[in-house]
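K.L.:
Here is my input; please provide its structure:
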Amino acid sequence: MLDSFNLEGPNGAHKCLVFELLGPSVPDIIDARFPDGRLPGKLAKAIAKQALFGLDTLHQQKIGHGDLHTRNLAFAVPPMDNVPESEFINMLGKPEIGYVRRKDGKALEPGIPEYIVRPALYRGFPWSPSYPIKIVDFGESFLHTTLPKTLHTPLPVRAPEVIFKDRLDYRVDLWSMGCLLFELFVGQPPFDSFLITPPILVSQMREMASDALPKRWEVLWKSMDDRATAESPGPALQEWLEEMYFDGERNKDLTKEDILKLGQIIGRLLRFDPSTRLSAWEILDDDWFRE
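P.N.:
As a prediction, this is how the structure comes out:
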């Protein structure tokens, strides 16, 4: 951390933390550099190892992240302190502002921003596959001594205990890491991200998780949308992973044995019972990551 300060605004006081400048997220780089929509296998594996190491470091420090997904993996970039402002803007594009207006034409309420800024594009930003990645966005993070009542992790990577309103701890990150690993190698999460609802998601989880739904959740599950429970069974994890990786004309630089081992690793994380999920360090210690 480089600095910190308090900011008084219309929505109250905010504690602001200043960190080093980080560059694009993993999806930003895929959009900008990889037209087939996913990372090369060796690069995905290198990023996965760094993400696992970072998560293990957080958990060793008794910190849960609570919002782990690929958009919260950002690449470190060379120092930009001496880059002229004009050159920096050329790299990212000129900021685009959109003013906020009410549909009825009335004045904005206090606390509503007057304008929003379009996120930067990274197509002209300097980047190398050798740049390390870092875990960012600690807005949902928590200490092991102050467990959250709920979390707002994106639904496709949300741990089942959040959906079932069960006790939450750092192991929510391990489920999310399983989803993250799948996406790093395939280019999309294992579960649907379009028009997904909790009942549909749980139905898909039941097909892909490597253990059964805990009995304590069965009553709540049965009370969920009947249309979701009546859907035809989807593919199991390994079947879906292989189908997504080997189908189509995208580059395939990993072998079937690699994908089999990857599926086994992800399966040790995508478990309903949090106590049976392997830790980040145990996953890192797998022979496949040590090759």
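
K.L.:
any idea how far residue 136 is from the residue lying closest to residue 78 once chain neighbours are set aside?
P.N.:
Closest residue in space to residue 78, ignoring its immediate chain neighbours: residue 126 at 7.1 Å, by C-beta to C-beta, 6 or more residues apart in numbering. (Glycine included, C-beta is placed from N, CA and C.) To residue 136, residue 126 is 19 Å away according to C-beta to C-beta, to the nearest Å.

K.L.:
Those two: which has the busier surroundings?
P.N.:
residue 136 (16 against 12; other C-beta atoms under 10 Å).

K.L.:
The more buried one: what's it in contact with?
P.N.:
When contacts are counted by C-beta atoms under 8 Å, 6 or more residues apart in numbering, residue 136 touches 22, 72-74.

K.L.:
Farthest-apart pair in those, please.
P.N.:
Using C-beta to C-beta, the pair of those lying farthest apart is 22 and 72, separated by 10.7 Å.

K.L.:
So which of these two has more stuff around it?
P.N.:
residue 72 (22 against 15).

K.L.:
My read is that that one contacts residue 25, right?
P.N.:
Yes. At 7.2 Å, residue 72 and residue 25 qualify as touching, with contact defined as C-beta atoms under 8 Å.

K.L.:
rewinding a little: A helix includes the residue nearest to residue 78, no?
P.N.:
No. Per DSSP: H, G, I helix; E, B strand; the rest coil, residue 126 lies outside any helix segment and is coil.

K.L.:
Any figure for the gap between it and residue 35?
P.N.:
Plainly put, residue 126 is 19 Å away from residue 35 if you go by C-beta to C-beta.

K.L.:
do the same with residue 121
P.N.:
As defined by C-beta to C-beta, residue 121 lies at a distance of 15 Å from residue 35.

K.L.:
Now tabulate the contacts of residue 136 in TSV and tack on distance to residue 103 and pLDDT.
P.N.:
Listed next are the contacts of residue 136 as TSV, based on distance: C-beta to C-beta, whole Å; pLDDT from 0 to 100:
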residue	distance to residue 103	pLDDT
22	36	89
72	33	97
73	37	98
74	35	95
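
K.L.:
Mind checking which of those residues are in strands?
P.N.:
If you go by DSSP state E, those have 22, 73-74 in strands.

K.L.:
Report the mean confidence score over stretch 136-155.
P.N.:
For stretch 136-155, mean pLDDT is 94.

K.L.:
wait, what's in contact with residue 153?
P.N.:
By C-beta under 8 Å, 6+ apart, the contact set of residue 153 is 66-69, 140, 159, 162, 172, 176.

K.L.:
now with 7 Å?
P.N.:
Listed by C-beta atoms under 7 Å, 6 or more residues apart in numbering, the contact partners of residue 153 are 66-67, 140, 162, 176.

K.L.:
Just give me the neighbour total for residue 247.
P.N.:
9.

K.L.:
Quickly note the distance from it to residue 37.
P.N.:
For residue 247, the distance to residue 37 (C-beta to C-beta) stands at 13 Å.

K.L.:
Which residue is the nearest non-sequential neighbour of residue 155?
P.N.:
residue 196 is the one closest to residue 155 (C-beta to C-beta, 6+ apart), at 5.4 Å.

K.L.:
Please read the previous query as pertaining to residue 59.
P.N.:
Distances taken as C-beta to C-beta, 6+ apart place residue 170 nearest to residue 59, at 5.4 Å, with adjacent residues excluded.

K.L.:
And for the one you found, the neighbour number?
P.N.:
That count, for residue 170 with other C-beta under 10 Å as the rule, works out to 22.

K.L.:
Now do residue 112 against residue 288, distance only.
P.N.:
49 Å.

K.L.:
Please identify which of these two sits among more neighbours.
P.N.:
residue 288 (14 against 11).

K.L.:
Would you mind listing the residues in contact with the more buried one?
P.N.:
Contact partners of residue 288, counting by C-beta under 7 Å, 6+ apart, are 261, 265.

K.L.:
what about dumping the CA coordinates of the host helix or strand of it to PDB?
P.N.:
Element membership for residue 288 (DSSP states H and E) is helix 287-290. As requested, the backbone C-alpha atoms of helix 287-290 are provided in PDB (Å, rounded to 0.1, in the frame of the first residue of the first chain):
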ATOM      1  CA  ASP A 287       2.100 -33.100  -9.400                       C
ATOM      2  CA  TRP A 288       0.400 -31.400 -12.400                       C
ATOM      3  CA  PHE A 289       1.200 -28.000 -11.100                       C
ATOM      4  CA  ARG A 290       4.700 -29.000 -10.000                       C
END
